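J.: Quick one, what's the 3D model for this:
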Amino acid sequence: MIEKYLIEHIEANTDTPVYVFVPEVMPNEFFVIDRTGTARDNHIETVTVAIQSYARTAERAAELIENMVEIMDTLTDGPGVSACRLDNVYMFTDTTRKRPRYQAVFDITHYNV
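T.: Below is the predicted model:
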């Protein structure tokens, strides 16, 4: 399951909490991983993952997402991931919770993860 692998990789590279859902009691800063799509060809999967950074200010949410891009650049250093491509980074304010949020979208090609 790629989400578990991503959480382990991200947690090893940051002190900011990582979730697969927005927690009911939100810390000041955190990331949320959301798989938005999957394709498979010859047992090799490519998943599209959106990673969101939440913070108290838009500036801090932007800093967090830029740090996440750097962390994701090292994803291929480990076993099982052959490519991690950044598709887009943009402001994605959470209007429901009224919290600044940025989002980065990645395509990750992997096997045996």
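
J.: ok, now which ones touch the residue lying closest to residue 104 once chain neighbours are set aside?
T.: Distance criterion CB to CB, 6 or more residues apart in numbering; nearest residue to residue 104, sequence neighbours excluded, is residue 89 at 4.6 Å. No exception for glycine: its C-beta is placed from N, CA and C like everyone else's. By CB atoms under 8 Å, 6 or more residues apart in numbering, residue 89 lies in contact with 65, 66, 69, 102, 103, 104, 105.

J.: what about residue 35, how many neighbours?
T.: Other residues lying near residue 35 total 15 when counted by other CB atoms under 10 Å.

J.: Assign it to helix, strand or coil.
T.: strand (DSSP: H, G, I helix; E, B strand; the rest coil).

J.: check contacts around it.
T.: Counting by CB under 8 Å, 6+ apart, residue 35 touches 2, 3, 47, 48, 49.

J.: And for residue 11?
T.: By CB under 8 Å, 6+ apart, the residues touching residue 11 are residue 18.

J.: picking that back up, what about burial for the contacts of residue 89, which qualify?
T.: If you count burial by 16 or more other CB atoms under 10 Å, the buried members of those come out as 65, 102, 103, 104, 105.

J.: For those residues, give me TSV that also has distance to residue 55.
T.: Putting the buried ones among the contacts of residue 89 into TSV (distance: CB to CB, whole Å) gives the following:
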residue	distance to residue 55
65	9
102	9
103	13
104	14
105	19
